[in-house]
Structure formats: C-alpha cells, structure tokens
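1. Please work out how this folds:
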Amino acid sequence: MSGFFKKLGTRLRGTAGGNYNDKLGLLVRFHWIVAFFSLLYSLVSWTIDFEPGVYIMAVNAGLLLLNLLCLRIWAHFRAAAHGFLLTNCFVAVLGSTWFSGGLFSPVIPWFGLVPVAATLLLGFNRGTFVWLCLALACVVGVAWSSHTGWSAPVMFDTQYAAFFSFISVSGNLLLLFFLTQIFESVKNGALVESDLRNRDLNEAIQRLSEIRTQLVQQEKLASLGSLVAGVAHELNTPIGNALTTASTLQDASAELKHSIERGDLRKSVLLEFLENNVAMNELITRSCERAATLISSFKRVAVDQTSEQRRDFELRPLLEDNVNTLKPSFKKAQVRLDVDIPAGIQCDSYPGPLGQVLVNLLQNALTHAFSGIDQGVVRVSATVQSQWVEIVVTDNGAGMDARILARIFDPFFTTRLGQGGSGLGLSVSQNIMVAVLGGKIAAAALPGAGSTFTLSFPMRAPVRNDGGSPMAFPPR
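-> Here you go, the predicted model:
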C-alpha cells in the first residue's frame, strides 16, 4: 500500500489542488471504507429480502474497486474523485432510496454524505457546490414523486423495517464518524507539517537577518576604509609641509646658535632669521590646523558611522564633516564637490546612518559617473518643507539607462563587478532611509545627462523597535 501511495503521489501532481498526498490518502481510504460498507449492506439486504439492495450495493462496491484501479493506472485525481461521488450518489444512495420507500426510506439521510465527501476531497469550490445541488436535486425528485402520488416501491420485508432503519442510521453515523476522523487525522498531519515549515522559514529568516546585518557592517567598514585612505592621502600635504618647515627652522636655529658661539653674528643675519621664522611658523600653524580639521571631521564621521545613536544635530555641520573627508578623493579625481546646505536645520535623528547614506552616494558618483568626463561636478543641496528634509545629490556624469535605473537598489547589483563594486552601497542606503530614518530615497537619470538622488526624511525620526523598523513618533 505504501508503494501505491508513493507512485500516485508523484503522478498526481497537477491533477489536484492542495496537498496531493493528503487528498490522495483520503480518496483511497474513502474507497475502501465505502466498498466495505457496500458489501456489508448487500449482506443486510439479503437478510431482509431486499433483492434490489443486494445487487445495487454489490455493484456499487465493484464500481468503487474499478474506480480505484483506474486511479492507479491513469493517476487522475479529480476524475477518480468525481467517479467516487457519482457512484455513491446515483448508484448506491439513489438506487437504495428508491427501492426502499423513497422519501420515507431510512437510506435517504445518506445523501448528506455526498457534499461532505466532496468538500473533503475537492475543497470548498464550485465542484463541491455542484455536488451539493445534485444531492438536493435527488432528494427533491424523490419528494416530488411522493407528492404527485408516484410513490417509490418498498421492496424489502417490512417486518425488518425497524432493523433496516437501525442499520441505515447507524451506518450513516459511522460513516460520518470515519470521515471526520480521517479528515481530523489529515488536518493534524498538515498542521504539524505546517509548523515544521514555519519553523524552517523562521530559521531561514533569522539567518538572512544575520547575514544582512553582517553585510551592512561590512559595507560600513568598507566605507570607513575608503575614508581613511582619502584622509590619509590628504594629511600627507599639511603634515609634510609642517615637517619640512620645522626641519628647515631647526637647521636655521642651529646655524644661528653656532654664529652666536663663534662671535661673528651680524645684524642682517639675525633679522633674516627672524623674518623667516615668522613665515615658517605661520606655515606650520596653517598646516597643523588643516590636519587638525581633517582629523576632527574624520573622528566625528567615524564615531557616527560606527554607531546608530539617536541625537539632536544640525544638518549643515554633519554633512560638511562627511564631505570634508571625501574631498581628497574628489580632488585626486579632479571632480568638483559643491555643497549648498542652509544653516539652522535642526534634526532629531540618526546622524551616523544619514552620513553613511551621503558618503555612499558620493562614493558611488565618484566610482561610476565620471568615466571619460573631464570637468565633473557633484552638488549637494538641502531644503526643508513640512518638517521633512530633502537632500538632493546631483552630478553631471554619464547617467543611467532605464534598465540600470530600475535595478540600482537591488542587492549585489553593480555595473563594476570585479572592479571594486560590491553592489551593496545603494541597497544598504535604501534600507537605512526606510528602516532607520523613516524616509525614502529616489533616483532619476538619463544616459549622458547625469543622475539625481533625492533623500527625504522627517526632521524628527520615528522610534525604532528591536527589529530596527520604525514604530511610532516619539512624544513631543
């Protein structure tokens, strides 16, 4: 029997809805149970001298076994299910009802089993409704015949009427009991399987969430690594100038000291030293101030980008700090970076994630926009409207066609595969804008006409739950 189920389970795909193995099991078990009851009632009919019942129920059992054989050969679930219902409704129940008293036959309640079996086998759909109507039509037809005086014959020994009624009602109850128990067993099995699948799905979601978190952290570290490289390159100039000037000043001071020790110091030499000393001190001061500014900007950006702490901040200094850390890279690539951020835009949000989004967009423009373009320009501007901030990043680069534009926010999509592009920058940026800042990001571009990215987010960020998604706005 197990081999029979396995064969049919494979061949029945596409011929039945729902869980194939469960419905197949129901159909096969229904056939065996009803065939057994048919043979039992054929024996009962012989006992009470109900000759039509003997043949009808025996034929019904034979047709059921034949239908089961056809199911095994052709593996057509729906045809076998309708054949099962057709045999029982119009052969067994209708035949037995008509020859045992029609409307007053103890077999007539068996019509109620037809829509029950149809629902279990076919589901609640149009086919089930058709079988309900057919069962009702049979009952109405038998009732109409009694009403018009064309009464159905009673072809069994009436002295066994009570016994026949008892057997018919008991059989009806037993079949209902078996049908519901079989259905309950299948339902419980399906629920257990569903729980297992839900558990597997939850574990898969958890793993994907962990992978996503790791990818976001890796993207942050990659972004910081790029900033470190740019800042280190830019620090070379002021620190090198300061070191060279300090060395020259040291040599000049040593020469002055030797002149004093020899006693041949002249006034002109001293005045020249003092004049050069002032100029060199100014150069050292400017170089150190430039280095200190770069380091301070990088420290603020690094602290913000490695944490997701919510705090009050002014938009302009935050964006200027992030832009300053990238200016060395833009300078090296000979791309101009313009910033137009009005002062006084106060936000209660997450400066680190916002800075990361801006850095991702600027690095993305530097990587993709200016291949073969001599005078590249990237402009960052911001406006405020109805308590929402809108930051626009535009460039005059190569732009994008519609095919690329439709996929730029897809994870791992990049046009620089194997050339330093991870395909995660814009995907992570979109996730930050939606899940952290409670806003959105949009892109527009045309080939050869540059690209525009628009960041929109509330000045007062949504409160985040443990999963990182916005829940509600904090109380004012």
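
2. for the protein, which residue is closest to the average position?
-> What sits nearest the mean C-alpha location of the chain, by CA atoms, centre = their mean, is residue 205, with 8.8 Å.

3. Next one: that residue from residue 211, what distance?
-> Remark: distance between residue 205 and residue 211 (CB to CB, to the nearest Å) = 11 Å. C-betas here are computed from N, CA, C, even on glycine.

4. before we move on, what about residue 341?
-> In terms of CB to CB, residue 341 sits 35 Å off from residue 211.

5. Looking only at neighbour counts, state which of the two leads.
-> For the pair residue 341 and residue 211, the greater number of neighbours falls to residue 341 (18 against 10), based on other CB atoms under 10 Å.

6. The closest residue to the more buried one other than its chain neighbours: which element?
-> Spatial nearest neighbour of residue 341, chain neighbours left out: residue 316 (4.3 Å); criterion: CB to CB, 6 or more residues apart in numbering. Assigned by DSSP states H and E, residue 316 belongs to helix 315-332.

7. Pull out the buried positions in whichever helix or strand comes after that helix.
-> Where DSSP H and E defines the elements, the next helix or strand beyond helix 315-332 is strand 335-340. Of all the residues in strand 335-340, those buried under the rule 16 or more other CB atoms under 10 Å are 335, 337, 339.

8. Distance to residue 30 and pLDDT for those - can I get that in TSV?
-> Listed next are these as TSV, based on distance: CB to CB, whole Å; pLDDT from 0 to 100:
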residue	distance to residue 30	pLDDT
335	75	87
337	76	88
339	76	90
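
9. Show me how far the helix or strand harbouring residue 182 is from its chain's centre.
-> Assigned by DSSP H and E, residue 182 belongs to helix 161-262. With CA atoms, centre = their mean, to the nearest Å as the basis, helix 161-262 stands 14 Å off its chain's centre.

10. What's the mean pLDDT across it?
-> Average pLDDT, helix 161-262: 77.

11. quick one: that helix to helix 315-332, angle?
-> Orientation note: helix 161-262 sits at an angle of 70 degrees relative to helix 315-332 (axes from the mean of the first three to the mean of the last three CA atoms, to 10 degrees).

12. Distance of the residue nearest to the centre of the chain relative to residue 97?
-> Taking CB to CB, one finds residue 205 at 55 Å from residue 97.

13. Check residue 59 too.
-> In terms of CB to CB, residue 59 sits 15 Å off from residue 97.

14. Neighbour count: the two, which is higher?
-> Ranked by neighbour count (other CB under 10 Å), residue 59 and residue 97 place residue 97 first, with 24 against 16.

15. for whichever strand or helix holds that one, packing partners?
-> Secondary structure from DSSP H and E places residue 97 in helix 94-99. If you count contacts as 3 or more CB pairs under 8 Å, 6 or more residues apart in numbering; DSSP states H and E, helix 94-99 packs onto helix 51-74, helix 126-147.

16. which strands and helices sit next to the first one?
-> Using 3+ CB pairs under 8 Å, 6+ apart as the contact criterion, the neighbours of helix 51-74 among helices and strands are helix 2-11, helix 20-47, helix 77-86, helix 94-99.

17. From the chain's centroid, how far away is that helix?
-> 50 Å.

18. That helix versus helix 161-262: what angle between them?
-> 30 degrees.

19. any idea of the mean pLDDT for helix 51-74?
-> In this model, helix 51-74 has an average pLDDT of 91.

20. The helix holding residue 97: what's the following helix or strand?
-> Downstream of helix 94-99 (by DSSP H and E), the next one is helix 113-122.

21. got a list of contacts for that following helix?
-> Identification of contacts with helix 113-122 by CB atoms under 8 Å, 6 or more residues apart in numbering yields 23, 26-27, 30, 78, 81, 84-85, 88-89, 93, 127-128, 131-132, 134-135, 172, 175-176, 179, 182-183.

22. ok, now with 6 Å
-> With contact meaning CB atoms under 6 Å, 6 or more residues apart in numbering, helix 113-122 is reached by 26, 27, 81, 85, 89, 128, 131, 132, 135, 175, 183.

23. Tell me the helices and strands packed up against the helix holding residue 182.
-> Packing partners of helix 161-262 (3 or more CB pairs under 6 Å, 6 or more residues apart in numbering; DSSP states H and E): helix 20-47, helix 267-305, helix 315-332.

24. cutoff 7 Å now
-> helix 20-47, helix 113-122, helix 267-305, helix 315-332, helix 351-368, helix 425-431 (3 or more CB pairs under 7 Å, 6 or more residues apart in numbering; DSSP states H and E).

25. Could you look over these and pick the most buried one?
-> helix 351-368 (a mean of 23; mean count of other CB atoms under 10 Å).

26. now that one against helix 161-262, angle please.
-> Using the same axes, to 10 degrees: helix 351-368 against helix 161-262 is 80 degrees.

27. Any chance you could give me helix 351-368 in CSV, C-alpha atoms only?
-> In CSV, the C-alpha atoms belonging to helix 351-368 read as follows (Å, rounded to 0.1, in the frame of the first residue of the first chain):
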residue,chain,number,x,y,z
PRO,A,351,23.4,61.2,12.1
GLY,A,352,25.6,58.2,11.6
PRO,A,353,23.3,56.3,9.2
LEU,A,354,22.5,59.6,7.4
GLY,A,355,26.2,60.3,6.9
GLN,A,356,26.7,56.8,5.6
VAL,A,357,24.0,57.3,3.0
LEU,A,358,25.5,60.5,1.9
VAL,A,359,29.0,59.0,1.7
ASN,A,360,27.7,56.0,-0.2
LEU,A,361,26.0,58.3,-2.8
LEU,A,362,29.1,60.5,-3.2
GLN,A,363,31.4,57.5,-3.5
ASN,A,364,29.0,55.9,-5.9
ALA,A,365,29.1,59.1,-8.1
LEU,A,366,32.9,59.2,-8.0
THR,A,367,33.1,55.5,-9.0
HIS,A,368,30.5,55.3,-11.7
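
28. so after that helix, what's the next helix or strand?
-> According to DSSP H and E, the helix or strand after helix 351-368 is strand 376-385.

29. list the buried ones in that following strand?
-> For strand 376-385, by 16+ other CB under 10 Å, it's 376, 377, 378, 379, 380, 382.
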